[in-house]
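Chemist: I would like the atomic coordinates for the input below:
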Amino acid sequence: MTRTIGEAIEGRLHEMKIKPEELATVLDVPLPTLSGWLWLKNDIPAQYILKIAHVLRCTPTYLLSGGEDDRETPTKSDAIEDLIRATVAEVLRQQEAQKRRFIHLTAKLDALSPLKVLARGYSVVLTEEGRVVQRAEQVSVGQQVTVKLSEGSITASVLGTQEERHG
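Modeler: Numbering: from 1, shown residues only. All right, here's what the predicted structure looks like:
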């Protein structure tokens with residue numbers, strides 16, 4: 001009797017005493033999504049077939065064939081299965097490492113955002129033309145400037161300037 005991929009997955013879940021909820025958690029997909037795959041309401045994306053095969057300790061071919069034995073030559077099949085598992089494990093490891101790196105870089109970028117800098121008490125001074133003032137020589141005594149704060153802004157007059165060189 002030919003089975004579907006969903007039936008093959010359910011069979012392996014039963015054999016391994018894994019609940020569908022646990023598989024959904026490992027795959028990081030909602031349970032209704034996994035259920036849709038098992039009941040063939042939706043196609044399973046290829047990357048999830050590899051992950052499911054890895055978790056269920058079988059080959060993608062086993063799942064795609066509906067759970068029929070795909071071992072024509074045991075030694076070759078075992079070697080291929082081991083290679084697929086190792087490849088999937090490495091891809092998942094690299095994916096997790098990239099995810100951690102992304103989170104780290106996102107946090108660094110967030111800390112450097114202009115709004116975060118302003119929230120720490122810094123401000124940005126703008127000329128009447130809207131240009132950022134970086135050096136005292138860009139403004140003159142009596143000139144109106146706008147001071148941008150974390151919340152709001154201040155209009156101010158320059159009372160004096162003093163040059164300081166750093167570096």
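
Chemist: CA atoms for contacts and neighbours, from now on please.
Modeler: Will do.

Chemist: tell me the phi and psi of the most centrally placed residue in the chain?
Modeler: Centrality entry for the chain: nearest residue to the mean C-alpha point is Lys99, 5.1 Å, by Cα atoms, centre = their mean. Note on Lys99: backbone dihedrals following degrees, to the nearest 10 are phi -60, psi -40.

Chemist: Looking at it now. What's its pLDDT?
Modeler: You'll see Lys99 listed with a pLDDT of 94.

Chemist: ditto for Arg165
Modeler: 77.

Chemist: Same check on Pro74?
Modeler: In this model, Pro74 carries a pLDDT of 47.

Chemist: in this protein, which spans are helices?
Modeler: Remark: helices assigned in the chain by DSSP state H are 5-16, 20-27, 31-38, 46-55, 60-64, 74-111, 114-119.

Chemist: Distance to Ile154 for these - can I get that in TSV?
Modeler: Compiled in TSV, the helices of the chain are given as follows (distance: least, Cα to Cα, whole Å):
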stretch	distance to Ile154
helix 5-16	64
helix 20-27	51
helix 31-38	53
helix 46-55	54
helix 60-64	64
helix 74-111	24
helix 114-119	14
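
Chemist: ranking those by burial, who's on top?
Modeler: helix 60-64 (a mean of 20; mean count of other Cα atoms under 10 Å).

Chemist: so what does that helix touch, helix or strand wise?
Modeler: When contacts are defined as 3 or more Cα pairs under 8 Å, 6 or more residues apart in numbering; DSSP states H and E, helix 60-64 sits against helix 5-16, helix 46-55.

Chemist: Quick check: mean pLDDT of that helix?
Modeler: 86.

Chemist: now swap in stretch 107-115 and tell me
Modeler: For stretch 107-115, the per-residue pLDDT averages 87.

Chemist: Just the CA coordinates for it, please, in PDB.
Modeler: In PDB, the C-alpha atoms belonging to stretch 107-115 read as follows (Å, rounded to 0.1, in the frame of the first residue of the first chain):
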ATOM      1  CA  ALA A 107      21.800  45.000  19.000                       C
ATOM      2  CA  LYS A 108      25.000  46.900  18.200                       C
ATOM      3  CA  LEU A 109      23.300  48.800  15.400                       C
ATOM      4  CA  ASP A 110      20.400  49.700  17.600                       C
ATOM      5  CA  ALA A 111      22.700  51.100  20.300                       C
ATOM      6  CA  LEU A 112      24.300  53.400  17.700                       C
ATOM      7  CA  SER A 113      21.000  54.600  16.200                       C
ATOM      8  CA  PRO A 114      20.700  58.400  16.300                       C
ATOM      9  CA  LEU A 115      17.500  58.100  18.300                       C
END
